[in-house]
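> I'd like to go over a predicted model; first the sequence, then the structure.
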Amino acid sequence: MNPYRELEAYVEKLVGFPVKGSIPPEEKGDYAFPVGFRLAKEWKVSPEEAARRVAEKVDHPLVERVNVEGGYLNVFFNRRAFLERIWEDALSPHYGSASQEKTYVIDYSSPNIAKPMHVGHLRSTIIGESLKRILRYLGNRAIGLNYLGDIGTQFGALIVAYRRWVDEKRLQEDPIKELLRIYVKFHEEAEKDPSLEEEARREFEKLEKGDPENVALWKKFRELSLKGFERIYRRLGVEFDVIVGESDFVEDAKRIARELLEKGIAVVWEEGEKKGAIVADLEAEGLNHPVLLKSDGTTIYLSRDLASLLWRIREFDPDALLYVVAIEQNLHFRQLFTIAHKMGIDRELVHVSFGMVHVEGMRLSTRRGQVLFLEDILDTAVAHAAEEMKKRGSYSPEDAENIGVSSVIFWMLKTEPKKDVTFRWKEVTSFTGETGPYVQYAYVRARNILEKKSGPISVLDPDDAEWELIKKIARFPLILEESARRYSPHVLARYLLDLATVFHHFYDHNRVIGSPREPFRLWIVRAVENVLGIGQKLLAMRPPRRM
RNA sequence: GGCCCCGUAGCCCAGCCUGGAUAGGGCGUCGGCCUUCUAAGCCGAAGGUCGGGGGUUCGAAUCCCCCCGGGGCCGCCA
């Protein structure tokens, strides 16, 4: 059992209520429990006296000695006993894993076809992929689902643009860029000739009605877009278990809207502009009357999302459905989840929302062609990594790719999802400080030692420098659990920075190879390498071999 | 107007969920450290009314209320 958990459980038993342990200021102890404050009231003594009384009862193999200060019970671990608890585990390729055994369906990335993914999709893609990996590592079944936005009026414009201006060769080579080019061209031309808009509207109508030629074009756009997205996904190491599109749920959505009408969850709107539309009645919840079925009988994203949600439950029987989608869709998901609950859905429904991604010095507009291509971001980061590696004579194309791509991923993950972030080139491709390369450099330093010396390991009484690392290593399982519980990879990202910092410090102040403590320190280095390696993979980063 | 999110050093952030010891990092600035496992590193210095006010509590950056500032949403778009 993890020593921190073991001690927490012991203290809880001792005092009769759960006490969260924390890391005390240095020199005061290894782990601190503010037990005295609450007991002081019960026992009518000072917090310090209460803590002292608890301290007297402490008798546990993990505890070397205790120290009472204020209302705190400060514990100094028995370092050898502590080490025993993690000695085997910390070197295991499954260190920190668990057996949670829940089923999650995670909706992430979900780009709109025929449009380039923007940085917001990138954030969703990376957070979702990481969450999936973390949840799986903890023993859950996690299904990665890409829910394509393959319905929308932009297809009318695209069909018109395609017929007039497409360059088939470019379309095959780089579908995303060519589709964007003609899309932008359409909007430029439409400014001069407004009849194009009208033409686009007609083409969209034909598409909706199933015109074979337009449907074929739409299928082509969808296929080519996916091909384009796959390039990014491959570079990011992102893999989906299921790819579906909104268009797959149109028929279901119509049926469900009528069902909701019968059940009294929805009503027919009887006045004003949306007369004749079927709307959900969420007045009581303060969530308005969102449209489920338009007055012409066609579906809308809410009803399709609802149909899709029900399908996910039928298909995968999950305990929880996660939607890694931008926070501006907060209202939509509250409406969606409320309707689902009214229908009797009892699964955990979570909008894993994340804040806006601004881009410094750029006003993004797809129709004006003002977009930041994800490939350009990755290429720039990789080029920077390659440059740095060449300076050190450690260049290899594979590791430059690993480091560059990972630096972008880490940048995305190090901030709490719900905060807005601003994409700044200087920051995203920075290799010093709180960055992916900082973590990877610690990992590579550990690897280098192990490559040079893979001798036998043995245990010693840890000195203070070693002890700092050991304590960090032991926290890994707790971090994974917290990261999963909060649906927030940033918890793990921050931990890896923390561990890397302690290791860099150790590395610069202590020798491993040639030290009399070498066999013991090799165990520590192996554990650090193991944790940093697992951690990187769970964040969807790729551990480099050299850098 | 209603609802949601954010506000912690010059800049960017962690800590808030689950209240507890002098509020932690990074960037930038200044000053040090490569004959020793890669200096993408390390060490040190300067830098903070935790947006403001009130409340709860033995104790509030953390919980509650009000206000201010910033962003977002409220469409028969997604």
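Received it, and whenever you're ready, just let me know what you need.
> If you tally nearby residues, what's the number for residue A:108?
Residue A:108 is flanked by 26 other residues according to other CB atoms under 10 Å. (Each C-beta comes from the backbone N, C-alpha and C, glycine too.)
> just residue A:285 next, same as before
Neighbourhood size, residue A:285 [other CB under 10 Å]: 14.
> repeat for residue A:19
Residue A:19 - counted by other CB under 10 Å - has 18 other residues nearby.
> now the residue most central in space within chain A: how far from residue A:421?
Among the residues of chain A, the one closest to the centroid is residue A:127, at 2.0 Å (CA atoms, centre = their mean). Residue A:127 sits 12 Å away from residue A:421, going by CB to CB, to the nearest Å.
> Ok, residue A:452 next?
Distance, residue A:452 to residue A:421, by CB to CB: 40 Å.
> ok, these two, which is more surrounded?
Comparing residue A:452 with residue A:421 by other CB under 10 Å, the one with more neighbours is residue A:421, at 20 against 9.
> The more buried one: what's it in contact with?
A:123, A:355-358, A:412, A:415 (CB atoms under 8 Å, 6 or more residues apart in numbering).
> Name the SS class of the closest residue to residue A:382 other than its chain neighbours, please.
Of all residues not flanking residue A:382 in the chain, residue A:404 sits nearest, at 3.1 Å (CB to CB, 6 or more residues apart in numbering). Secondary structure for residue A:404, judged by DSSP: H, G, I helix; E, B strand; the rest coil, is helix.
> Residue A:404 reaches residue A:385, doesn't it?
Yes - counting by CB atoms under 8 Å, residue A:385 is a contact partner of residue A:404 at 4.1 Å.
> Got the phi and psi for the residue of the stretch 101-250 of chain A found nearest RNA strand B?
Residue of the stretch 101-250 of chain A nearest RNA strand B, by CB to the nearest atom of the strand: residue A:149 (3.9 Å). Backbone torsions for residue A:149, taken as degrees, to the nearest 10, come to phi -80, psi 90.
> Contacts only, for the nearest residue to it once chain neighbours are set aside.
Excluding the flanking residues, the one nearest residue A:149 by CB to CB, 6+ apart is residue A:112, at 3.6 Å. Residue A:112 sits next to A:148-150, A:152, A:154 when contact means CB under 8 Å, 6+ apart.
> likewise residue A:299?
Neighbouring residues of residue A:299 by CB under 8 Å, 6+ apart: A:249-250, A:253-254, A:257, A:292-293.
> Could you export the helix or strand containing residue A:531 as CSV, keeping only the C-alpha atoms?
Using DSSP states H and E, the element containing residue A:531 is helix A:518-538. Extracted C-alpha coordinates of helix A:518-538, given in CSV (Å, rounded to 0.1, in the frame of the first residue of the first chain):
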residue,chain,number,x,y,z
GLU,A,518,25.7,4.0,-6.4
PRO,A,519,23.7,0.8,-6.0
PHE,A,520,21.0,2.6,-4.0
ARG,A,521,21.0,5.7,-6.2
LEU,A,522,20.6,3.5,-9.2
TRP,A,523,17.3,2.4,-7.8
ILE,A,524,16.2,6.0,-7.3
VAL,A,525,17.3,7.0,-10.8
ARG,A,526,15.4,4.0,-12.2
ALA,A,527,12.3,5.0,-10.3
VAL,A,528,12.5,8.6,-11.5
GLU,A,529,13.0,7.4,-15.1
ASN,A,530,10.1,5.1,-14.7
VAL,A,531,7.7,7.7,-13.3
LEU,A,532,8.7,10.4,-15.8
GLY,A,533,8.3,7.9,-18.6
ILE,A,534,4.9,6.7,-17.6
GLY,A,535,3.8,10.3,-16.8
GLN,A,536,4.8,11.6,-20.2
LYS,A,537,3.0,8.8,-22.0
LEU,A,538,-0.2,9.5,-20.0
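> and it, what other elements does it pack with?
Identification of packing neighbours for helix A:518-538 by 3 or more CB pairs under 8 Å, 6 or more residues apart in numbering; DSSP states H and E yields helix A:119-137, helix A:436-452, helix A:464-485, helix A:490-509.
> can you give me the angle that helix makes with helix A:436-452?
140 degrees (axes from the mean of the first three to the mean of the last three CA atoms, to 10 degrees).
> Distance from helix A:518-538 to the middle of the chain?
23 Å (CA atoms, centre = their mean, to the nearest Å).
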